[in-house]
Structure formats: structure tokens, C-alpha cells
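> No letters, just coordinates:
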């Protein structure tokens, strides 16, 4: 086939992509249809996959289909199983997709849909998908070892331990911020609280059923569980109307926080089959099903974007989170553009199931492109709702007040005209008492999803059902993440403490198990609590901390990839990982520095602490604190957040220095020095 | 065509099971029979419980953020 006919279709696709992106980027004043964003992103993904990922596979990694993979070498039918690509793709995608790509874009929408959309598309092509692909490649060539192990063997013991501590802290922050999203979504919402609470007995019933009554019938019990969930949502509507039941399920943020902390502790010491496993079935299938449904519904409904392309808040004065476009948009949207957490998945189960190296391209690069598309859908869902409603839902009470009148007035002054009646009506439509100040992403996304789904099934009468369906869908996999994450954190902690006190290492020992679990829950529980009582609403301090830490992990993973390329003597291709690594290091260090030292109390942790300290010295009490003790508390919390940020800066800077040293050393070796498992021929494949 | 459809259904089922950490039982049995004929083969129920404990018992990260 000649050159032109081979590439013509891709040039055409390129033209479609550029034209759509141009329409998205250049339209000012008039509303545009969401399908422009969808078309632009899909065409760019396809082109990036066809050309850039092929370049990485052929030139940078030089994938070798004749080389044996760990799945073949260690095949045991259990942990190591050569798996067909479409099946493994599903497994990998289900593992990387979570709440992250859904929440980040919703928060980023305060600057308009354009900056976030561009970062999602460019970020995934040049950074996120590259990271996932490279880490899967490196781990596959090293018997499927984990990221922590890889850092240890390729960079050295000290950077390995630093990375392990860093990962533990990231886990703590993620658990806290995920729990905060649930608290924000369920506060004073009896309908939501009832349905989420109902998942606990439903999960336990499923657990007993699939463990003892009909062992292994996962599909059967998942269908039963799904029917029960829908029943719980419908009954939840009755609960919220009932004068006796509604108060039993109405809690404020602080009460929900304590309940979540208690839940996290109990759920993570229960046997896994009782609650964690069955709810994981539900949340996984619901997640995949809802994402697919949303994609179809979005194309079917083809909604218009009502949020402006760019709002005035790019200057850093936004009410949802503070800070200017650079660097903060690049840490607000983590998953969907690039997420360090994926490095843990790509070096987890996926390399142990890969049947042939050449399929890593579709699974890792392709899987990440798909996750990015989920982020695009979240951005669209946040941008099709009335911008006035968006800002009323996402701004803290300290800015917009506590009544619909004050909220409507403040938001209208920003130029997003809205009346109190619309705010009341929107809350009524979705079956809630109030939608004000529900920052955190989930409720906003739920309103957007409810608007899309109700246009396909049910009409306005079904809005409330779809809203609570969307809340449940998010809460379900966040709760799964909370107890799986607490368990993982506990094992990490036992491992770390075991280095100093060997008795801690015994995973089966109950005392050390309970102590490590309690420590882990206390760590995320405290950060969650301070987020709930935070004067600026919690998301403002915790989401940047999450973004900074998650992007730093991505930076660490990409630096590891760079070192490996140098050690393989492929340094002339190292720009593929140096470029995104450098960008992430720049963004996270700038954001980290600003979060600690910025002079505006809305951005800088220390500035906020100083503001409260100054008031405390004069004996004044600033809202939301109600006493001098609470003032002390807020000051302490901000110092703690500053300390955490400094710790993350330390992690990334030290790994950077170790990486540079390793690259320098590798450059002066005259042979390859990477620690790959030696080549073995794949049985049955001809070279 | 029906053959293709049932094959597609089988793949879909395998994919769904692997999403929650359950590899294919038949593949496991075939593997043990072929390579370790002397070893005992777990029953389907034992296999299910073994995989359930392996997925959640060893501190998995719990998916993405």
C-alpha cells in the first residue's frame, strides 16, 4: 500500500479533530453543542493512539512479541495467567477508572470548560497514557514487580523508602478527600444517606449468598444486588418524604464524618468476603455500566454547553478553589489527564496477566485514553447545567451565605444570573432540601447526569431518581475504595513499622492488625474532619493536596521511566518521559510552594493560619470557628497541611536528584545497566 | 452466527469476572492438568474462595483515586 492511501484516513480524522477543537476553542458568546468536545477528543485520541503510541512501542520501548512475558513464564492459572487482550483491557480499565476522573473536571469547570478540556486532551496524550504504558512495560520486563520495588531496584534503597512513605501519605490524603466528597453529598440528605446506608446490609446479604449459599455465582448475585439497590433508591424517596423516617437519616457533616470513620474501621477488619468483595462487584459493574450509559446518552441527547468557555476566575479568585490557572488547573484535574495512582495499577495485576508485550499498547495507552474520555464526559456534565446553579452548588457558605436569596444575589453579581426560585426548584427537582454549597464534585455531576439521563428515560419526573442513582453510583465505589484503601494502608503501615518493630509485620496478628488499622483510620479521619470544619469548605484545602500528591507520584513514576530509558541506552528517546515529568515537577512544585507560602489566606496555608492567629491574639473569633479553641484548631490544621505539602515537595525533589544522579551514571556506562529479566523466547512465536 | 454469539457471551462473562479479580476456572484446570498432573486441582468453590481472599486479603490499592 502506498504512503498516501495508508495515511489518508488519518489525515481526514486529523482535519475533523482540528476543526472540532477550533470550534470549541474559538467560539465566544454563543453556546456550542457538547458533541464538538466529544468529536474533538475522540479524533485526537485515535490519532495519538495510531501514531504516538506506535512510535513509543516501536522506537522507544522496542516491544518484542517474541519475548516471554511473566504471565507465560510463571503461569499458575491464578495470579499469573496469559489473558486475551479484550478481557485484560476490561480488567485494567475497571481498575484505573474511579472517582478521580469524575470529580476533578467538575471542580475545574469554574474556570470554564476550555482550560480543563485542553489539559485533559493534551495531558493524556503526552503524559498520562505515556506513564501508564511505560510503567506497564517496565514492570512486565521485571516479572510484574510493583512501583515501590522498581524504584528500589532501579534508583536505590533510600529513594525506594522515600517513595514508599510518599505513597502511604498519598493514600491517606486520597481516602480523606474521597470521604469528604461523600460527606458533602450526603449532608442533610435523608434520601442519599438512606440509599448509601442500605448498601451495607445489601452487600452483606450478597457476601453470605456468594460465599455459602451459591458459591461463586457472581453474575447472579450482582443482578440480585442491583435490583435491591434500585429498590433502595426508590424507597429512599419515600423515606425523605416521611415525617418519622426522614429525621432518622438526616445528619450534618460532622456526624457523617464520625460515622464514616467508624465505618472505615469496622469494614476494614471484617472478613473480605462479607462486605468488601460483594460491594466491589456492585460498584465495578455499576461503574462500567453507568459510564457506558452516559456515553450513549450524551451522544443521543447532544446537550448544549451553558458554562462559558473561559470564566473570569482564571485569575485565581474562584469560589470553588483558589489559585490561578497555572499551576492549579494542572493539579485539579489529575485522573483523566495524568494520574500517579495508575502507576500502581500498571505495576500491579495487569503485567501478571499480559499474554504478549505487544498488547501493552492497547491495554495501557488505550485504557488511559478511555479514562480520559470519562473525564471529558464529567466536564460536559458540569458544563451543561446552568452556571448559576453550578456556582451556588460549589461555593462555600462563607462566600455565598446560607440562604438561596444571598446565594442567588452573590452568584448573579459574578455575572451568572440566577434567581432564588431556580435554586429552590433545582433542589426540588432532584428531591433534596438544598443544593447550596455542596462542593466536592459528586452532587454537581449528579445534577448534570440526572439532566442527561432524564431526557432519555423518564423525563423530569425521573430527575430525582437519576440524581440519587448518580450519587449512589459514586458513593458506592468511594466506599469500596475507603475500605480497600484502609486495608492497603494498614498493610503498608505494618510493613513500614515492621522495619522498626518486627512483631508488627505479622499480618495475621490481631493486636498489630487492630493498631495499624486504627492508626490508618485516625490519619485519614483527622484530615477528613479538618476538611469538614475548614472555613473555606474543605475542598479548597484538601483537593489541591490530593492533586499535588497524586501528580507528584506521576512525576516520580515518569522519572523512574526516564532512568530506565537511560539505563537501556535509549536516552535519545528519553524526551518522551522527560517532557511530562518536567511539566509535572514544575506544576507540583509551583502549586506546593503557593499552597504553603502564598500571601493570600485563600491560597496559602500559612497565610490563613496567620490570619486566624492575628485574630486570636486580639481575642476575636472568626467564622466558622465558634470558640477560641476552634480558632486554635484551625491554626493547627493549616500548619499541618503546610507540613504535608512540604513533605511532598521533599519527596519529589529528592527523587528528582536521585534520578538525575542515576541518569548521569548510566550515561557514562558503556553498556546497558537496567535490571530486566533476561530474554527468553516466547514458546510458539516465530521471530 | 449463534456460535459467534455464544463465544462473544463467553468472553463478556470472562471479562466481567476478571474485572472483579476472578480468572477463568476452566483455564486454571486445564493449566494444572497439563503442567502439574501430580498436583490436586481445586474445586470451583475452593477456587472462588481462594481468588476472593487473594484479591482483597493482601492489600490491594482499591482501584484509582
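Ah, there it is. Since we're looking at a predicted model, the values are computed, not measured. Numbering: from 1, shown residues only, chains lettered A, B, ... in the order given.

> my read is residue A:310 is in a helix, agree?
No: read with DSSP: H, G, I helix; E, B strand; the rest coil, residue A:310 is coil and lies in no helix.

> Surely it is in contact with residue A:109?
No: counting by C-beta atoms under 8 Å, residue A:310 stays clear of residue A:109, with 11.1 Å between them. Every residue, glycine included, has its C-beta placed from N, CA and C.

> Those two - which one has more neighbours?
residue A:109 (33 against 15; other C-beta atoms under 10 Å in any protein chain shown).

> Check the spacing between that one and chain B real quick.
Going from residue A:109 to chain B by C-beta to the nearest C-beta, to the nearest Å gives 18 Å.

> try residue A:222
From residue A:222 across to chain B, the span is 8 Å (C-beta to the nearest C-beta).

> Count residues in the vicinity of the closest residue to residue A:143 other than its chain neighbours, would you?
Leaving out its chain neighbours, the residue that sits closest to residue A:143 by C-beta to C-beta, 6 or more residues apart in numbering or on different chains is residue A:70, at 4.8 Å. Per other C-beta under 10 Å, the neighbour tally for residue A:70 reads 22.

> same deal with residue A:105?
Residue A:105 has 31 nearby residues by other C-beta under 10 Å.

> and if you look at the one 3 residues further on?
A total of 32 residues lie near residue A:108 under the criterion other C-beta under 10 Å.

> Same question for the one 4 residues further on.
Here the number of neighbours of residue A:112 (other C-beta under 10 Å) works out to 20.

> Was I right to think residue B:16 contacts residue A:281?
No: in this structure, residue B:16 is not within contact of residue A:281 by C-beta under 8 Å, at 9.2 Å.

> Find the residues that touch each one of the two.
Residues touching both residue B:16 and residue A:281 (C-beta atoms under 8 Å, 6 or more residues apart in numbering or on different chains) are residue A:218.

> Name the residue in those two with the higher neighbour count.
Neighbour count, other C-beta under 10 Å: between residue B:16 and residue A:281, residue A:281 has more, with 26 against 21.

> Find me the pLDDT at the spatially most central residue of chain A, would you?
Centroid check for chain A by C-alpha atoms, centre = their mean gives residue A:100 as the closest residue, at 1.9 Å. At residue A:100, the pLDDT value in this model is 83.

> ok, now residue B:59?
With respect to pLDDT, residue B:59 scores 49.

> What lies in contact with stretch A:274-288?
Applying C-beta under 8 Å, 6+ apart, the contact partners of stretch A:274-288 are A:90, A:93-94, A:97-98, A:199-200, A:202-204, A:206-208, A:210-211, A:218, A:221-222, A:225-226, A:229, A:267-268, A:270, A:473, A:476-477, A:479-480, A:483-484, A:487, B:16, B:19-20, B:52, B:55-56.

> so what's the residue nearest to the spatial centre of chain B closest to, chain neighbours aside?
Chain B has residue B:23 as the residue nearest its centroid, 1.9 Å off, counting by C-alpha atoms, centre = their mean. Residue nearest to residue B:23 in three dimensions, not counting chain neighbours: residue A:81, with 4.9 Å by C-beta to C-beta, 6+ apart.

> Look up how far residue A:589 lies from the one you found.
41 Å (C-beta to C-beta, to the nearest Å).

> In contact with the closest residue to the residue nearest to the centre of chain A other than its chain neighbours, which residues?
Among residues not flanking residue A:100 along the chain, residue A:335 sits closest, at 2.9 Å (C-beta to C-beta, 6+ apart). Contacts for residue A:335 (C-beta under 8 Å, 6+ apart) come out as A:96, A:98, A:100, A:101, A:104, A:341, A:342, A:371, A:375, A:550, B:64, B:65.

> Which element, helix or strand, includes residue A:335?
Residue A:335 belongs to no helix or strand when assigned by DSSP states H and E.

> rewinding a little: right, and the residue nearest to the centre of chain A touches residue A:333 too?
No: using C-beta under 8 Å as the test, residue A:100 is too far from residue A:333 to be in contact (9.0 Å).

> Could you list the low-pLDDT ranges of chain A?
Where chain A drops to pLDDT under 70, the residues are A:1, A:506-508, A:686-687.

> switch to 80 and redo it
The model of chain A has pLDDT under 80 over residues A:1-2, A:27-30, A:495-510, A:535-537, A:623-624, A:684-687.

> What are the boundaries of the strands in it?
With DSSP state E as the criterion, chain A has no strands.

> list the helices and strands the longest helix anywhere in it packs on?
The residue-count maximum for a helix in chain A (DSSP state H) belongs to helix A:628-667. Judged by 3 or more C-beta pairs under 8 Å, 6 or more residues apart in numbering or on different chains; DSSP states H and E, helix A:628-667 is in contact with helix A:147-155, helix A:157-186, helix A:510-532, helix A:539-567, helix A:575-597, helix A:605-617.

> Residue A:11 and chain B: what is the separation?
For residue A:11 relative to chain B (C-beta to the nearest C-beta), the value is 33 Å.

> And stretch A:165-179, what's buried?
Buried residues in stretch A:165-179, defined by neighbour count with 16 or more other C-beta atoms under 10 Å in any protein chain shown: A:166-179.

> Please spell out which residues along the longest helix along chain B are buried.
Secondary structure of chain B per DSSP H: the longest helix is helix B:2-19. Residues of helix B:2-19 classed as buried: B:14, B:15, B:16, B:17, B:18, B:19 (neighbour count, 16+ other C-beta under 10 Å).

> What is the subsequent helix or strand relative to it?
Using DSSP H and E, the helix or strand that follows helix B:2-19 in sequence is helix B:25-35.

> So what angle separates the directions of that next one and helix B:2-19?
Angle of helix B:25-35 versus helix B:2-19, following axes from the mean of the first three to the mean of the last three C-alpha atoms, to 10 degrees, is 90 degrees.

> So is helix B:25-35 next to chain A?
Yes: with C-beta under 8 Å from any C-beta of the partner chain as the criterion, chain A is reached by helix B:25-35 at B:27, B:28, B:29, B:30, B:31, B:32, B:35.

> Of the residues you listed, grab the buried ones for PyMOL.
In PyMOL syntax, the buried subset of the residues of helix B:25-35 next to chain A is picked out as below (16+ other C-beta under 10 Å):
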select buried, chain B and resi 28+29+31+32
